[in-house]
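Participant: Below are the sequence and a predicted model for it; my questions follow.
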Amino acid sequence: MNNISLLEAKNLRKVYYNGNKQLEVLKGVNLSIDKGKFVAIVGPSGAGKSTLLHILGGLDTPTQGEVIFAQKNIYGLSDEELSRIRNERIGFVFQFYHLLSEFTVLENVSMPALISCQLSVVSCQLKNEALRLLEQVGLTQRATHFPSQLSGGEQQRVAIARALINKPGLLLCDEPTGNLDSKTSDELIALVKKINLENQMTVVLVTHNAELAKTAQIVYHLRDGVLVN
Ligand code: ADP
């Protein structure tokens, strides 16, 4: 059976301009990721990993090049279409969780679905789906808690459940264990791996931690602005 490419980067360049200074962070990144794979991109701090992940997820525009997601050049889409893809088809997990402190765990997990369905309250069906995800990440007992009442590892598991609520095809993780101790990191990566296998979820994880990256099926190194396999 032929592999199906879900995400492709073609000759991506990113230049940041600060006054009259230029910083070329990505110098021609090419990448093709098949559906269902777990890919890690590893590189030292400042190598451009977050920049690349943000561009792959439609959060930042490249200076040059294309990102093809599900056969569409995402930077050729209207803002509205791109927002819809980001909200419904791509899940994001960031180093600092980015949970909304004034909302409960259940509400945080439901948030992307509330936005995409333009609902103002959590429906019964959505609540059941959020609870199912909270069970999957081992947080059933925390549904009515607020983020400040949770540990870092628990908050990150809420962020993972939130990333999955709209059943995206792609999960992008930006240094997801960067703020966690090593035992909690291992548990979190085991969870991401389980989700990758059980949900056939394509995962792209960027990290400076080479040991962590080894848990992925495919590891790329970001060096001098290009990817090396
Ligand atoms: P990493 O995730 O590998 O640590 P980043 O993608 O965050 O690397 O950053 C790569 C480089 O680009 C760094 O030198 C950083 O300072 C610079 N950079 C990131 N974002 C911006 C920005 N918005 N404006 C200018 N420089 C930036």
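Facilitator: Thanks, I have it.
Participant: what separates stretch 187-207 from the chain centre, distance-wise?
Facilitator: Centroid separation between stretch 187-207 and its chain, computed with CA atoms, centre = their mean, to the nearest Å, is 10 Å.
Participant: nope, stretch 79-93 is what I meant
Facilitator: Centre to centre, stretch against its chain (CA atoms, centre = their mean), the figure for stretch 79-93 is 11 Å.
Participant: Now that stretch: average pLDDT?
Facilitator: What stretch 79-93 shows for mean pLDDT is 95.
Participant: buried sites along that stretch?
Facilitator: Using 16 or more other CB atoms under 10 Å as the burial criterion, the residues of stretch 79-93 that qualify are 82, 85, 86, 87, 88, 89, 90, 91, 92, 93. From N, CA and C alone the C-beta is placed, and that goes for glycine too.
Participant: Also stretch 26-38?
Facilitator: Of the residues in stretch 26-38, 26, 29, 31, 33, 36, 37, 38 count as buried by neighbour count, 16+ other CB under 10 Å.
Participant: Just send those residues back as TSV, with secondary structure too.
Facilitator: What follows is the buried residues of stretch 26-38, written out as TSV (DSSP: H, G, I helix; E, B strand; the rest coil):
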residue	secondary structure
26	strand
29	strand
31	strand
33	strand
36	coil
37	coil
38	strand
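Participant: Which one of those residues is nearest to the ligand?
Facilitator: Proximity of the buried residues of stretch 26-38 to the ligand was ranked by CB to the nearest ligand atom; the top entry is residue 26 with 8.6 Å.
Participant: Can you verify my assumption that that closest one contacts residue 13?
Facilitator: Yes: assessed by CB atoms under 8 Å, residue 26 is found in contact with residue 13 at 5.5 Å.
Participant: can the buried residues of stretch 26-38 go into JSON lines with extra columns for pLDDT?
Facilitator: Shown next, in JSON lines, are those (pLDDT from 0 to 100):
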{"residue": "26", "pLDDT": "98"}
{"residue": "29", "pLDDT": "98"}
{"residue": "31", "pLDDT": "97"}
{"residue": "33", "pLDDT": "97"}
{"residue": "36", "pLDDT": "96"}
{"residue": "37", "pLDDT": "97"}
{"residue": "38", "pLDDT": "97"}
